[in-house]
Structure formats: C-alpha cells, structure tokens
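In: predicted coordinates and the sequence they were generated for:
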Amino acid sequence: MRDTLLFDLDGTLLPFWQDDFIASYFSRLTRELASLGFAPQAAQKAVYEGCFAMIRNDGRRSNREAFFAVFAERLGADVYAAEPALRDFYARGDFCKVREALREERDCAPLLADLRQRGYTPVLATNPLFPPEAVRTRLSWINLSMEDFSFVTCYDNSRFCKPNLSYYRALLSEISKTPQDCVMIGNSIPEDMCASQLGLEVFLVRDYLENPDNEDPCAWPGGDYRALCAYLGALPALA
C-alpha cells in the first residue's frame, strides 16, 4: 500500500511559472546582496554558480556547504558572516514579496489536513536549493507550514538535488520508506517523473508543466491541480 505522498513545491503546490519566480527572486536577492556590500553583477553570477554547485553535488557535503564554498570563492569569506542576514531576508525580508509570482490564490491546508487524517504521510520533496527559511515562507503563500509535512528537504539537510536519483534514494532512506510505499507528485518531467525509475508511483501536475525536452506529458499519469485533488480525495482511508 502506498501510504507516503511526496510533494514537489514550485509549480506543483505553488501556482507559478518558474521563470516568473526566478525573475522576481533574483532581482530582490541581488538588491539584498548589494545592501550587504557585494557588487550586484558579481553577486548574481556567484548565486547562479552556487546553485549549479548544489545541482552537481556528489553527496560528500551538504548542499548548503556546496553553495557557500562557491559563493565564498567568488565573493570572499565575508559571505559566511552575511549568512544570518540572508536567512532573515528569506524569513522576513524582501523575499516575502516574491509572492507576486503566484498566478492564483490557493489554500492547500484542507488538502493536507484531510490526507493526514486519512492516515497518509505527506513529505515535501522540493528541490533542496534553498534554506529552510525560504521553504517556510513559500509554504505560507498557500496556507501551509513545514509542520504540515513529516519531512521537508532543504539545502541544510540534503546532499543531492533533482534530477539526481540519489536525491530520491537519500530521501527514502531518511523517511524509512521504500519506493513501493510512495507516490511522487510534481510538475517537472525531468526532475519529478524520474522517480518512477526507482519504482515510485508518479502523478504529473500539468498546470505549470516543466517539460524542457518536449516529451509527451501523457506518458505519465496526471492532470491539472483539480485532477490531483480528485485523485488524492479518492485514495482509500488508511486510518
């Protein structure tokens, strides 16, 4: 019985196009870094390179460590002293205004509450490129908190990123589940549907589909967000 539901966040639960989110996010992050004394162009390039370092992470260090190693190499060791201010930026600062990227209002609290009440274990399997403060802020935009999930991936607690299958292997080990216990729900064909290679059931949410290779979305079970809610609502109660 598949009793564990792994949810992607951006473009899946959060209703936005990734390009809209990135444009708003990077402009605000660049201004924040400039206020901390870092040259805007150099800081933006360092952020991009730090993200690529996390995506290429081979598991020998946390994603946070991979990011800051590159960040410090490009901008100097002062970036470590700036980390508390950056975490505050994600928790209470201008990052909160990136909510402008949302294309619609969505309240996911009833959906998650119903799943937990019926005995399912929800896990937030978001690509761990952000600190937990950024994940918590983004969840608040859809009336959720990190406590609504049994586990949440972030760059502090992860050593791989999607689409590396080691991300899923490490997550399953962390939550003590097998692929046969889980359903991966996401909007990205390369990053989320790859979980099916390990034996996870998958559901492709197509409202804000990410399909860079123009694959046939119908190759995977799925539908729009309303179809996802119907699918989850039809799952048998476990408790």
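Out: Good, I have the coordinates.
In: and the most centrally placed residue in the chain, what does it touch?
Out: Geometric centre of the chain, nearest residue: residue 126, 2.4 Å, by Cα atoms, centre = their mean. Taking Cβ atoms under 8 Å, 6 or more residues apart in numbering, we find residue 126 in contact with 7, 8, 9, 10, 135, 152, 153, 154. No exception for glycine: its C-beta is placed from N, CA and C like everyone else's.
In: pull out the buried positions in the lowest-mean-pLDDT helix or strand in the chain.
Out: When each helix and strand of the chain is scored by mean pLDDT, DSSP states H and E, helix 78-81 comes last, with a mean of 90. By neighbour count on 16 or more other Cβ atoms under 10 Å, the buried set for helix 78-81 is residue 79.
In: other residues contacting whichever helix or strand comes after that helix?
Out: Downstream of helix 78-81, the next assigned helix or strand under DSSP states H and E is helix 83-91. With Cβ under 8 Å, 6+ apart as the test, helix 83-91 has contacts from 29, 32, 36, 68, 95, 130, 131, 133, 134, 136, 137.
In: likewise for stretch 129-147?
Out: Stretch 129-147 has contacts (Cβ under 8 Å, 6+ apart) with 9-10, 13-14, 51, 54-55, 63-64, 86-88, 90-91, 95-96, 99, 102, 106-109, 112, 124, 126, 148, 152, 154-156, 161.
In: and for stretch 99-108?
Out: The contact list for stretch 99-108, computed with Cβ under 8 Å, 6+ apart, reads 13-17, 20-21, 23-25, 141-144, 208, 225.
In: what of stretch 30-37?
Out: Applying Cβ under 8 Å, 6+ apart, the set of residues contacting stretch 30-37 from outside is 40, 43, 44, 47, 78, 82, 85, 86, 89, 93, 94.
In: OK, contacts around the third one?
Out: I take that to be residue 44. The neighbours of residue 44, taking Cβ under 8 Å, 6+ apart as the test, are 26, 29, 30, 33.
In: so residue 59 sits right up against residue 166, yeah?
Out: Yes. At 6.2 Å, residue 59 counts as touching residue 166 under the criterion of Cβ atoms under 8 Å.
In: residues shared between the contacts of the two?
Out: Common contact partners of residue 59 and residue 166 (Cβ under 8 Å, 6+ apart): 159, 160.
In: longest single helix anywhere in this structure?
Out: As assigned by DSSP state H, the longest helix anywhere in the chain is helix 18-35.
In: which parts of that one are buried?
Out: Buried-residue list, helix 18-35, by 16+ other Cβ under 10 Å: 21, 24, 25, 28, 29, 30, 32, 33.
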